[in-house]
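> Sequence and predicted structure are below.
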Amino acid sequence: MSQTGVQARRSAVYLLDQVLGEGRLMSELIGGGALDRLVPEDRARAQRLATETLRGLERADRILKKHLAKSPPLTVQNILRIATYELCQGGAAHGVVNAAVEIVGKNRRTAAMKGLVNAVLRKVADTGPEMWAALRVPHLPKWLRSPLVAAYGAEGVQAMEAAHFAGAPLDLMAKGDRGALHRSLGGEMLPTGTVRLQEAGQVSGLPGFKRGSWWVQDAAASMPVHVLNPQSGEQVLDLCAAPGGKTMQLAAAGAVVTAVDDSESRMARVRENLKRTGLKAEIVVGDAMAQGGAWDAILLDAPCSATGTIRRHPDLPHAKDGSDFGDLINLQAAMLDHAISLLKPGGRLVFCTCSLLPDEGECQVEDALARHEGLSVDRAAVALDGVDPAWITEEGGLRLRPDYWSDKGGMDGFYMACIRKS
Ligand SMILES: C[S@@+](CC[C@H](N)C(=O)[O-])C[C@H]1O[C@@H](n2cnc3c(N)ncnc32)[C@H](O)[C@@H]1O
């Protein structure tokens, strides 16, 4: 790591500039190589600083507002936000303030604001930590909060916001013996068979990673495959498969998997994952809508708003504004229709999305049932171990929320339903 941490902080500022100024997602930026020139320690630090600053953005902005007569340019604001986050988490004032002043000074367009940044951050160092602790849990932006309040009520949304602010533990799914994974890594064994670690450190440094004994998969994300309940030797179509968490689960259960995704780069990750774990699947890079055949078992993990993953991706509500969700909802409906057309009579289809919005879950299934004859929802299929019966919805799907299992560290938001063709 660079000694002063300036490199990591500059990269964190760049990430924030892109998320807040250009509406880009951090996963896209990092996947596109934004941090590649940093040494691994700086890369991890830049990512952590940007992620955690965005998680507490509302608090940082409220603290800074007290000391700023008017908003400085976005980059300076982001330098201040990151430094405020660090100071309020116990960062040493001398190092944090000096690094922020150095970063402002490096850019000709912001260099004149060195004095302002220094003065503001000295004040934040004095009173910020106390204010931070007293401020409310950050709210979601209005464009997302309003539809969620309509669906779950204000109290429900507050509980979700608390879960988003708390962040997410690391969940691992074993390729084989889950008990052995639990014995080797400790942590908690969840009803989904997932091993949960509260403090994990570097994932690739954990025992068994290189051998491919497990992969990272949130407990909620593991449930659709449990609902599908693939049988050994059964042919399963995995539509929208990348990066392949569910593909590996299906293959580990002994299914003969055909994994389809239209993203070449994301499919490269499926190939890497399969190679690491020694699991097998037929890989098809192409449009799910062009997939043919007749299948007994289909998993459709449709592209969605990903609003169920905000615990892990607090950049999402800041990068997005909901304007592209209408297209996603139409695409999900078209994919659901196509997947239904590929089902053999008597076959089953699990439809799922990592979304909190009923338009991308409950409503999709209700509408599909109204559009097609001879379909039913298998309520019993979603009654998994650890599922509270109250989470099963009117149409027979399973609604998972980040505030569920709060005593264990929560879960991602997800929706899934098992549709059967008569
Ligand atoms: C929610 S992710 C899938 C996650 C994956 N099932 C897993 O468990 O790791 C949605 C995927 O849909 C893919 N996708 C989007 N549109 C598609 C299309 N028309 N055909 C095939 N895949 C598509 C995206 O590339 C993305 O990888």
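Structure's in. What do you need?
> can you pull out the strands in the stretch 301-422 of the chain?
Per DSSP state E, counting those that start in this stretch, the stretch 301-422 of the chain carries strands over the ranges 343-353, 375-377, 398-400, 414-421.
> Next, format these as JSON lines and append mean pLDDT and distance to the ligand.
All C-beta atoms are positioned from the backbone trio N, CA, C, and that covers glycine. What follows is the strands of the stretch 301-422 of the chain, written out as JSON lines (pLDDT from 0 to 100; distance: least, CB to the nearest ligand atom, whole Å):
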{"stretch": "strand 343-353", "mean pLDDT": "98", "distance to the ligand": "7"}
{"stretch": "strand 375-377", "mean pLDDT": "98", "distance to the ligand": "21"}
{"stretch": "strand 398-400", "mean pLDDT": "98", "distance to the ligand": "14"}
{"stretch": "strand 414-421", "mean pLDDT": "98", "distance to the ligand": "10"}
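> who wins for proximity to residue 407 among those?
Of all the strands of the stretch 301-422 of the chain, it is strand 398-400 that lies closest to residue 407, at 15.4 Å by CB to CB.
> rewinding a little: redo the strands of the stretch 301-422 of the chain as a markdown table? Include mean neighbour count.
Conversion of those to a markdown table gives the following (neighbours: other CB atoms under 10 Å):
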| stretch | mean neighbour count |
| --- | --- |
| strand 343-353 | 21 |
| strand 375-377 | 16 |
| strand 398-400 | 24 |
| strand 414-421 | 25 |
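> need those strands in JSON lines with distance to residue 170, can you?
Shown next, in JSON lines, are the strands of the stretch 301-422 of the chain (distance: least, CB to CB, whole Å):
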{"stretch": "strand 343-353", "distance to residue 170": "21"}
{"stretch": "strand 375-377", "distance to residue 170": "32"}
{"stretch": "strand 398-400", "distance to residue 170": "18"}
{"stretch": "strand 414-421", "distance to residue 170": "17"}
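> from the chain's centre, how far out does stretch 281-300 sit?
Put simply, stretch 281-300 sits 24 Å off its chain's centre (CA atoms, centre = their mean, to the nearest Å).
> And stretch 56-76, by the same measure?
Per CA atoms, centre = their mean, the centroid offset for stretch 56-76 relative to its chain is 27 Å.
> distance between the ends of it?
17 Å (CA to CA, to the nearest Å).
> Poorly predicted segments of the chain, please.
The chain contains residues with pLDDT under 70 at 1-4.
> By residue count, tell me the biggest helix in it.
As assigned by DSSP state H, the longest helix anywhere in the chain is helix 142-166.
> which residues touch that one?
Residues outside helix 142-166 that contact it (CB atoms under 8 Å, 6 or more residues apart in numbering) are 55-56, 137-140, 307, 310-311, 314, 317, 321-322, 356-359, 401-403, 406, 409-410, 413.
> is it fair to say residue 72 lies in a helix?
No. Using DSSP: H, G, I helix; E, B strand; the rest coil, the secondary structure at residue 72 is coil, not a helix.
> Does it touch residue 113 like I think?
Yes. Assessed by CB atoms under 8 Å, residue 72 is found in contact with residue 113 at 6.1 Å.
> Name the residues that touch stretch 76-83?
Against stretch 76-83 from outside (CB under 8 Å, 6+ apart): 9, 12-13, 16-17, 20, 49-50, 53, 57, 60-61, 64, 68, 71-72, 91, 96-97, 99-100, 103-104, 110, 113, 116-117, 120-121, 124.
> gap between the longest helix of the chain and the chain center?
Distance, centroid of helix 142-166 to centroid of chain: 16 Å (CA atoms, centre = their mean).
> quick one: strands adjacent to the helix or strand just after it?
Tracing the chain past helix 142-166, the next element assigned as helix or strand by DSSP states H and E is strand 170-174. Strand 170-174 pairs in its sheet with strand 194-197 (antiparallel), strand 214-216 (antiparallel), by DSSP bridges.
> Which residues of this protein lie near the ligand?
Contacts of the chain with the ligand, taken as CB under 6 Å from any ligand atom, map to 240-246, 260-263, 266, 287-289, 301, 303, 354.
> Just the buried residues out of these, in ChimeraX syntax.
This is how ChimeraX selects the buried members of the residues of the chain next to the ligand, with burial counted by 16 or more other CB atoms under 10 Å:
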select :240,241,242,243,244,245,246,260,261,262,266,288,301,303,354
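> As CSV, the strands paired with strand 170-174 with mean neighbour count and distance to residue 224 would be great.
Listed next are these as CSV, based on neighbours: other CB atoms under 10 Å; distance: least, CB to CB, whole Å:
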stretch, mean neighbour count, distance to residue 224
strand 194-197, 23, 13
strand 214-216, 21, 15
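> The residue most central in space within the chain: what's it in contact with?
Nearest to the geometric centre of the chain sits residue 309, at 3.1 Å (CA atoms, centre = their mean). By CB under 8 Å, 6+ apart, the residues touching residue 309 are 218, 316, 354, 412-413.
> what about 10 Å?
By CB atoms under 10 Å, 6 or more residues apart in numbering, residue 309 lies in contact with 27, 164, 168, 218, 220-221, 316, 354-356, 402, 412-414.
> Check residue 50 too.
8-9, 11-19, 26, 29-30, 34-35, 78, 81-82, 85, 314-315.
> And the residue nearest to residue 367 when sequence neighbours are not counted, how far from residue 359?
Spatially, and ignoring its direct neighbours in sequence, residue 367 is nearest to residue 333 (6.6 Å; CB to CB, 6 or more residues apart in numbering). Going from residue 333 to residue 359 by CB to CB, to the nearest Å gives 10 Å.
> which one is residue 102 nearest to, not counting chain neighbours?
Nearest to residue 102 is residue 6, by CB to CB, 6+ apart, at 5.6 Å.
> Can you read off the backbone torsions of the one you found?
The phi/psi pair for residue 6 (degrees, to the nearest 10) reads phi -70, psi -40.
> I'd say it and residue 100 touch.
Yes. Using CB atoms under 10 Å, residue 6 makes contact with residue 100 at a distance of 9.4 Å.
> Those two - which one has more neighbours?
Legend: neighbour count by other CB atoms under 10 Å for residue 6 and residue 100, higher for residue 100 (26 against 16).
> which secondary structure element contains residue 103?
helix 93-106.
> gap between the closest residue to residue 374 other than its chain neighbours and residue 118?
Distances taken as CB to CB, 6+ apart put residue 422 closest to residue 374, at 4.4 Å, once the chain neighbours are dropped. As judged by CB to CB, residue 422 and residue 118 stand 71 Å apart.
> show me what contacts the residue nearest to residue 102?
Contacts of residue 6 (CB under 10 Å, 6+ apart): 42, 98-100, 102-103, 106.
> Compare the residues you listed and tell me which has the most neighbours.
Among these, residue 100 has more neighbours than the rest - 26 neighbours, counting by other CB under 10 Å.
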